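Could you look at this predicted model? Sequence included:
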Amino acid sequence: MTDTAETRADDRSFFDANIRTPEMEMAETGADVPSANELTIDQINPHNPYLFLEDRWQDHFARLRAEDPVHLNELETSGRFWSVTKYEDVRAVDGDWETYSSAKGITLGIKEIAMSEETEPQGIQTFIAMDPPEHTAQRKTVRSVSAPSNLRNIEPMIRERTAELLDSLPEGESFDWVDTVSIELTTLMLATLFDFPMEDRRKLTRWSDIVFAIPGPGGVVETQQQKIDELLECVDYFDGLFKLRRENPGFDLVSMLANGEATKDIPMVEQLGNLLLLIVGGNDTTRNTMTGSVYGLNKFPDQYDKLLANPDLISNFVPEIIRWQTPLSYMRRTANYDTELGGKQIRKHDQILMWYLSANQDEDVFENAHVLDIERHNADRQLSFGYGIHFCMGSRVAELQLRVLWEEILQRFKRIEIQDEPDRVFSSFVHGYSKLPVTVTRK
């Protein structure tokens, strides 16, 4: 076997050991979930992806917030984990990295590994799954891409591309908003931030989709092996880009990772964690909120009327739709030592899921939280971007893309109307859409 073949075999073993998630295991046994009122409180498991595929998660979280806001599940498929569902509790966990560590579990859907006292962190790491000082150093490597000065520089380009795409949409003819608009705009943006070859930009979409895909017939990937093979394609592609950017660096995310002091020596197969974090952060989240914005305004047409009548409301609509949609449902932490949260005894090494989706529906903070209200006075308190040291560094890029999109939409269209309910993503982590048929009517 050649050195390259040996390396690739090692990489396959590495992936095989690290991409099987508790969510994948639960999907094999978790269909036909009863409604929340048919279950005892200890039977409720909000991590089940079928609840999200069928858009039935709301009542399960409402019961947890009301009856058991720090809720323990201990299952063969998922191990022992706590679901934190109230706003203040989620913020408390997210803001206390010394008690609740990001470093002892992998949070990108690539096998989350709970560490024992004797073992060291291993597997595919990302800087979102690290604590200071490693987290600080690696995050610093790429954060300048979202600096205010850079946002000012890229806004004209975002507006030009958005206008061009919206002008190309067919009138009076149904098309898929997800693929035609949301994916295309976010993938163009992501390819720009990576300085990724534009002709191959849909590869970024594909890799983003398969990170959290649960293998099965008719799914995004059919088998576990297909998932491994496609992730290895991602490794190979970026390995070539890294070599080019080491020789000719630019102001792009690949150059920053390839040459940054904290990241340049990370082996490529392990570097994948940071790459996938940036791909998912720049793709899944914004694209699903772009789609959620059209869906939400159709579900609450009085709010659409308000926006049409007063485009100045866009500035408040953006944080409100990010709250209402909450594109990533949760993040995971691990207790560094025995502690107490919400009157519950948390053990050292227990896993904690911070459910941003539920926190953003907390009636104690957001009145009529299930309703999209584009004049909501405290919409900017939403936790979709997290809180504390892991606050999403791409948040301003996402807000910019959403603001520009709706400024351009309101100039062109009387209405965007959904033609059917959306197809949803089979995941409890990515809260998103795979298809949304719409029609547009121009002014």
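Looks like it came in fine.

Would you mind measuring from residue 323 to residue 330?
Distance from residue 323 to residue 330, counting by C-beta to C-beta, to the nearest Å: 15 Å. Just so you know, the C-beta spots here come from the backbone N, C-alpha and C atoms, and that holds for glycine as well.

So which residues of the stretch 151-300 of the chain form helices?
Using DSSP state H, counting those that start in this stretch, the helices of the stretch 151-300 of the chain run over 177, 184-194, 202-211, 224-247, 253-259, 268-282, 284-299.

Mind telling me which of these the model trusts least?
Looking at the helices of the stretch 151-300 of the chain, the lowest mean pLDDT belongs to helix 268-282 (a mean of 74).

Report the inter-axis angle for it versus helix 202-211.
Computed by axes from the mean of the first three to the mean of the last three C-alpha atoms, to 10 degrees, the angle separating helix 268-282 from helix 202-211 equals 100 degrees.

tell me how far helix 268-282 is from the chain's mean position?
13 Å (C-alpha atoms, centre = their mean, to the nearest Å).

Likewise for stretch 398-411?
Distance, centroid of stretch 398-411 to centroid of chain: 20 Å (C-alpha atoms, centre = their mean).

Likewise for stretch 359-369?
Distance of stretch 359-369 from its chain centroid, counting by C-alpha atoms, centre = their mean, is 21 Å.

Run through who's touching it.
The contact list for stretch 359-369 (C-beta atoms under 8 Å, 6 or more residues apart in numbering) reads 58, 61-62, 65, 85-91, 323-324, 326, 370, 376, 378, 381-384.

give me the low-pLDDT residue ranges for this protein?
Along the chain, segments meeting pLDDT under 70 span 1-31, 77-78, 104-150, 270, 282.

residue ranges for the strands of it, please.
70-75, 79-84, 100-101, 175-176, 330-335, 339-341, 344-346, 351-355, 413-418, 423-424, 433-435, 437-442 (DSSP state E).

possible to save the ones you listed as a markdown table with distance to residue 246 and mean neighbour count?
Listed next are these as a markdown table, based on distance: least, C-beta to C-beta, whole Å; neighbours: other C-beta atoms under 10 Å:
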| stretch | distance to residue 246 | mean neighbour count |
| --- | --- | --- |
| strand 70-75 | 45 | 17 |
| strand 79-84 | 40 | 21 |
| strand 100-101 | 32 | 24 |
| strand 175-176 | 39 | 18 |
| strand 330-335 | 32 | 22 |
| strand 339-341 | 44 | 15 |
| strand 344-346 | 44 | 16 |
| strand 351-355 | 37 | 26 |
| strand 413-418 | 44 | 17 |
| strand 423-424 | 41 | 16 |
| strand 433-435 | 37 | 18 |
| strand 437-442 | 44 | 17 |
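
could I get the ones you listed as a markdown table with distance to residue 307?
Formatted as a markdown table, the strands of the chain follow (distance: least, C-beta to C-beta, whole Å):
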| stretch | distance to residue 307 |
| --- | --- |
| strand 70-75 | 37 |
| strand 79-84 | 33 |
| strand 100-101 | 38 |
| strand 175-176 | 22 |
| strand 330-335 | 29 |
| strand 339-341 | 39 |
| strand 344-346 | 42 |
| strand 351-355 | 28 |
| strand 413-418 | 11 |
| strand 423-424 | 24 |
| strand 433-435 | 20 |
| strand 437-442 | 15 |
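
So which of those is nearest residue 157?
With C-beta to C-beta as the measure, strand 413-418 is the member of the strands of the chain nearest residue 157 (22.0 Å).

which secondary structure elements does the closest one contact?
helix 284-299, helix 301-309, strand 437-442 (3 or more C-beta pairs under 8 Å, 6 or more residues apart in numbering; DSSP states H and E).

let's see 7 Å
Applying 3 or more C-beta pairs under 7 Å, 6 or more residues apart in numbering; DSSP states H and E, we find strand 413-418 packed against helix 284-299, strand 437-442.

Just the C-alpha atoms of that strand, please, in PDB.
Extracted in PDB, the C-alpha atoms of strand 413-418 (Å, rounded to 0.1, in the frame of the first residue of the first chain):
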ATOM      1  CA  PHE A 413     -42.500  42.200  -5.200                       C
ATOM      2  CA  LYS A 414     -46.100  42.800  -4.000                       C
ATOM      3  CA  ARG A 415     -46.000  39.400  -2.400                       C
ATOM      4  CA  ILE A 416     -44.100  36.200  -2.100                       C
ATOM      5  CA  GLU A 417     -46.700  33.400  -1.500                       C
ATOM      6  CA  ILE A 418     -46.000  29.900  -0.300                       C
END
